[in-house]
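After the sequence you'll find the predicted model.
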Amino acid sequence: MTDSIELNSLTLVKVYLINYSLLFVRYLIFAGLAYTFFWVWKKKKFQPYRIQKKFPSRASILTEFKYSASTFLIFSLVGVGIFIGKQMGWTRIYNDVSEYGWGYLVFSLIATILIHDTYFYWAHRMMHHRLLFKKVHLVHHLSTNPSPWASFSFHPYEAVLEAGILPLIVLILPIHPIAILLFILYMTMMNVLGHLGYEFYPKHFVKSPVWNWNNTSVHHNMHHKKFNCNYGLYFNWWDKICNTNHPEYADEFERVVSGRLIETSEESGVTLKTAA
Ligand SMILES: [Zn+2]
Ligand SMILES: [Zn+2]
């Protein structure tokens, strides 16, 4: 049905603009809500949860915002490419859920997340190679103390590489648009979490074998601060296998969480005293 849309330049410009608007609004919602809530509105309340106590400069946050806005210019082009591919029947995107069933849809979502995790780890390792780092990845590392606005702060070269996951997925895996949408939302949420600047996971999370296959906000924050360690995205598997976790990652996590526990209990002590 929808496959009969005519592929003329006006349609493609419209698809591009719609793509850009959706990407930009998604960024404003996810990064904007996190920033407004934690960094502005409840700044004082959540101070004990800060990973790096200091806040970055306004100029640094503005740079993150500008590069993120430019990233969506590239992402939208890739969106147009996928749109053309779908119309031409080159992709494995299917429209009817019943074709593979809901069970497969859930499987395809999980598979996409796992493939992206692997794709990101190795692409990220590659970008840290001395021949590529300055040209491709330095922009993202301009933030040594990132804010949620850094989630998509990439040099255009890096934006191309980061966007590459979606064409790869739709070419190799039968996938429904609902699974693509859920993947994009999950990816954005986790990306904002990695750049949040606050750690909310409980004490011993990183030392517990039940949980420590997940990455934490401290994990990616350390990557921004120390550069050549903690390359993973959602999960810690690749960093463990390749021995690229920072040797002090677990201790740093405990330090951040213990500091939070001390500060919050001191704060409640003060509150109790004033109440009494
Ligand atoms: Zn990096
Ligand atoms: Zn980052």
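Everything's here; your move. Ligands and ions are numbered 1, 2, ... in the order given.

Contact partners for Y20?
Applying Cβ atoms under 8 Å, 6 or more residues apart in numbering, we find Y20 in contact with F72, L73, S76. For glycine as for every other residue, the C-beta is placed from the backbone atoms N, C-alpha and C.

ok, and the closest non-adjacent residue to N191?
Nearest non-adjacent residue to N191, counting by Cβ to Cβ, 6 or more residues apart in numbering: S151, 4.4 Å away.

count of neighbours near the one you found?
Applying other Cβ atoms under 10 Å, we find 26 residues neighbouring S151.

wait, it sits on M190?
No - look at S151 against M190 with Cβ atoms under 8 Å: they stay out of range, at 9.5 Å.

Can you say which helix or strand has the residue nearest the centre of the chain in it?
Note on the chain: the residue nearest the mean C-alpha position is N191, at 1.8 Å, using Cα atoms, centre = their mean. Assigned by DSSP states H and E, N191 belongs to helix 177-194.

Could you list every helix and strand that that helix packs against?
helix 9-34, helix 101-127, helix 165-172, helix 217-226 (3 or more Cβ pairs under 8 Å, 6 or more residues apart in numbering; DSSP states H and E).

any chance of these in CSV, plus distance to N95 and mean pLDDT?
Conversion of the helices and strands packed on helix 177-194 to CSV gives the following (distance: least, Cβ to Cβ, whole Å; pLDDT from 0 to 100):
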stretch, distance to N95, mean pLDDT
helix 9-34, 17, 97
helix 101-127, 12, 98
helix 165-172, 13, 98
helix 217-226, 36, 96
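
K86: which of these is closest?
Nearest of the helices and strands packed on helix 177-194 to K86, taken as Cβ to Cβ: helix 165-172 at 7.6 Å.

Grab the CA positions of that closest one and hand them over as PDB.
Below are the C-alpha coordinates for helix 165-172, written out as PDB (Å, rounded to 0.1, in the frame of the first residue of the first chain):
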ATOM      1  CA  ILE A 165      23.700   0.900  12.600                       C
ATOM      2  CA  LEU A 166      20.200   1.500  11.200                       C
ATOM      3  CA  PRO A 167      21.000   0.800   7.500                       C
ATOM      4  CA  LEU A 168      22.900  -2.300   8.600                       C
ATOM      5  CA  ILE A 169      20.000  -3.600  10.700                       C
ATOM      6  CA  VAL A 170      17.300  -3.000   8.000                       C
ATOM      7  CA  LEU A 171      19.500  -4.800   5.500                       C
ATOM      8  CA  ILE A 172      20.200  -7.900   7.500                       C
END
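
helices or strands up against that helix?
Packing partners of helix 165-172 (3+ Cβ pairs under 8 Å, 6+ apart): helix 58-88, helix 101-127, helix 177-194.
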